[in-house]
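> Sequence and predicted structure below; questions after.
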Amino acid sequence: MEMIVVTDIGPRIMSFRLGNGPNILYEDKTGFSVGDWQLYGGHRFATAPETTKTYEPDNQPCQAVVGGQLLRISGPPGCGAIQKIMEISHCRCCDGFKVRHILRNTGGMLWPAAPWAITCVKPIGRVVAQWGSGTGKWRTNMVRYWSQMGSCGTCANSRQWQPGNDIFVVQPSGETGKIGLYTDQGWMALLAGELTFIKRFQPVVRQSLCPDGGCNIEIYTCSNYIEMETLGAFETICPDAEITHTECWKLSADVFEPDQFKAVSQL
């Protein structure tokens, strides 16, 4: 597996591939922007819930420090003196990459937020997530549809949303839409033809601590890309303190169908 992290902007991961294979991350060529904020593509992180502060520009250079087997990418403090830091290292559990997202409060005021890790991938294959919470014979599933997102919205009965008892499958159709789920299993995956990309994370124990009405997974679709998003708990960051959210990334040449989700989760 090869990961490329840029330093001119960010923190951002702009490429992730297996061997000499294609980059599975989407790189924006359209120049899409919201004010001074540029999409760029790749993997970024922000603060949730989504507000105008979410689109704070990350166009400035970052500081990169390499020590031992750790790469640390630090952006300059932004709105509210919140600094975004990304630490990347080898994940011994899955033999992939560990991506640690850090929100650090460098100012003197309290700052409420949840870390929000957003991975832009090419719209190929299907996104799957094992959803729901509970134990034994008592489990519940929850899905939230973003019925309005500025000038567009989500069609709740679109064929691209395919909920099942154990897994939720997103079959991208080119439509714009967004859903949110809660999972106590802590993974989501892209089944992309000859590749499988899996992101693992430690799920928030109490769903009530998750932003956006209890979501710790969110999936956004459009004609150009899919966003695979995971979220940490909503917390108040004290001055000189930080909160973290860690994902583990792995690419595999194994090919799965969505109903083989148990095998996917064991990658």
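Looks like it came in fine.
> Helices of this protein, start to end?
211-214, 261-265 (DSSP state H).
> Now do the shortest one: which elements does it pack against?
For helix 211-214, the contact count by 3 or more Cβ pairs under 8 Å, 6 or more residues apart in numbering; DSSP states H and E identifies strand 143-145 as packing neighbours. Placement of C-beta: from N, CA and C, glycine included.
> quick revisit: of the helices of the chain, which is nearest C238?
Proximity to C238, assessed across the helices of the chain by Cβ to Cβ, is greatest for helix 211-214 (18.8 Å).
> Now that closest one - C-alpha only, PDB.
The C-alpha trace of helix 211-214 is given here as PDB (Å, rounded to 0.1, in the frame of the first residue of the first chain):
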ATOM      1  CA  PRO A 211     -23.500  14.800  16.100                       C
ATOM      2  CA  ASP A 212     -26.200  15.100  13.500                       C
ATOM      3  CA  GLY A 213     -28.900  13.300  15.600                       C
ATOM      4  CA  GLY A 214     -26.700  10.300  16.500                       C
END
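> Just the buried positions in that helix, please.
Neighbour-count burial for helix 211-214 flags 211-212, 214 (criterion: 16 or more other Cβ atoms under 10 Å).
> now stretch 216-229
216-222, 224-229.
> And the average pLDDT for that stretch is what?
Stretch 216-229 carries an average pLDDT of 97.
> what do you get for stretch 100-117?
Rounded mean pLDDT across stretch 100-117 is 96.
> related to what we said a few turns ago, in a markdown table, list the helices of the chain along with distance to P163.
Listed next are the helices of the chain as a markdown table, based on distance: least, Cβ to Cβ, whole Å:
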| stretch | distance to P163 |
| --- | --- |
| helix 211-214 | 16 |
| helix 261-265 | 13 |
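> Show me the one of the ones you listed that comes nearest R44.
helix 211-214 (16.9 Å).
> Return the distance of the closest one from the chain's centre.
Centroid separation for helix 211-214 versus its chain: 15 Å, with Cα atoms, centre = their mean, to the nearest Å.
> Stretch 228-243 too?
14 Å.
> In that stretch, which residues are buried?
For stretch 228-243, the neighbour count (16+ other Cβ under 10 Å) marks 228-234, 237, 243 as buried.
> Please name the residues that touch the spatially closest residue to L70 that is not a sequence neighbour.
Distance criterion Cβ to Cβ, 6 or more residues apart in numbering; nearest residue to L70, sequence neighbours excluded, is S89 at 4.8 Å. By Cβ atoms under 8 Å, 6 or more residues apart in numbering, the contact list for S89 reads 69-71, 97-98, 100.
> one step back: just give me the closest of the buried residues of stretch 216-229 to E194.
Looking across the buried residues of stretch 216-229 and measuring by Cβ to Cβ, the closest to E194 is I226, at 17.5 Å.
> Quick check, the closest one in contact with V128.
No - applying Cβ atoms under 8 Å, one finds I226 not in contact with V128, separated by 12.0 Å.
> Number of residues surrounding Q202?
Residues near Q202, counting by other Cβ atoms under 10 Å, number 14.
> How about the contacts made by it?
Taking Cβ under 8 Å, 6+ apart as the test, what Q202 contacts is 186, 246.
> With the one 3 residues further on instead?
By Cβ under 8 Å, 6+ apart, no residues touch V205.
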